[in-house]
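# With the sequence up front, the predicted model follows.
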Amino acid sequence: MTLTLAPSAPLAPQHSTAFPPQPGEAELDYRRCRWCHSASSTACLLCPVCGSADLTPARACGQGTVQRLLRPTRRGAQPGRPYLIVLDEGFTVQAAVLGGLPGAVPIGARVHLVTSEEGGRVLTFRLSARL
């Protein structure tokens with residue numbers, strides 16, 4: 001008797017239909033662990049959940065949800081009100097949010113990636129229109 005297993009579906013969609021990728025659009029890369037399937041930033045050399053070094057590169061769709069407002073930083077050329085954004089792929093990034101009053105973007109608001117500079121170290125998101 002031969003047992004065959006069906007291939008598993010990917011955990012995160014490659015691109016959402018709400019904001020299809022456009023030429024020249026900002027992109028955000030990340031890594032996904034082959035063992036526990038958790039997502040992490042490209043700066044991580046080991047999986048933050050299980051400690052595996054078996055990470056595969058992937059590209060985020062650039063959509064997420066505002067988790068919270070952080071204290072303002074005065075360092076750098078772009079002082080702003082940073083937010084924590086939870087991306088749909090499952091990891092969190094720190095970024096600025098455009099389209100609302102400074103410091104008044106509501107928690108839980110949907111955002112999409114606008115710019116990614118310095119190799120993904122400086123991110124800017126914009127509030128998404130409500131559907």
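Great, that's in hand. Note that the coordinates shown come from a computational prediction; the quantities given were computed from them, not determined experimentally.
# Against which helices or strands is the one helix or strand Val114 maps to packed?
If you go by DSSP states H and E, Val114 is part of strand 110-117. Strand 110-117 is packed against strand 63-69, strand 122-127, with contacts defined by 3 or more C-beta pairs under 8 Å, 6 or more residues apart in numbering; DSSP states H and E. C-betas here are computed from N, CA, C, even on glycine.
# Just send those strands back as CSV, with mean neighbour count, mean pLDDT and distance to Ala104 too.
Listed next are those as CSV, based on neighbours: other C-beta atoms under 10 Å; pLDDT from 0 to 100; distance: least, C-beta to C-beta, whole Å:
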stretch, mean neighbour count, mean pLDDT, distance to Ala104
strand 63-69, 18, 92, 9
strand 122-127, 19, 87, 11
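# Which among those is found nearest to Leu84?
Leu84 lies closest to strand 63-69 among the helices and strands packed on strand 110-117, at 4.3 Å (C-beta to C-beta).
# just to revisit the earlier point, got JSON lines for the helices and strands packed on strand 110-117, with distance to Pro82 too?
Listed next are these as JSON lines, based on distance: least, C-beta to C-beta, whole Å:
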{"stretch": "strand 63-69", "distance to Pro82": "8"}
{"stretch": "strand 122-127", "distance to Pro82": "10"}
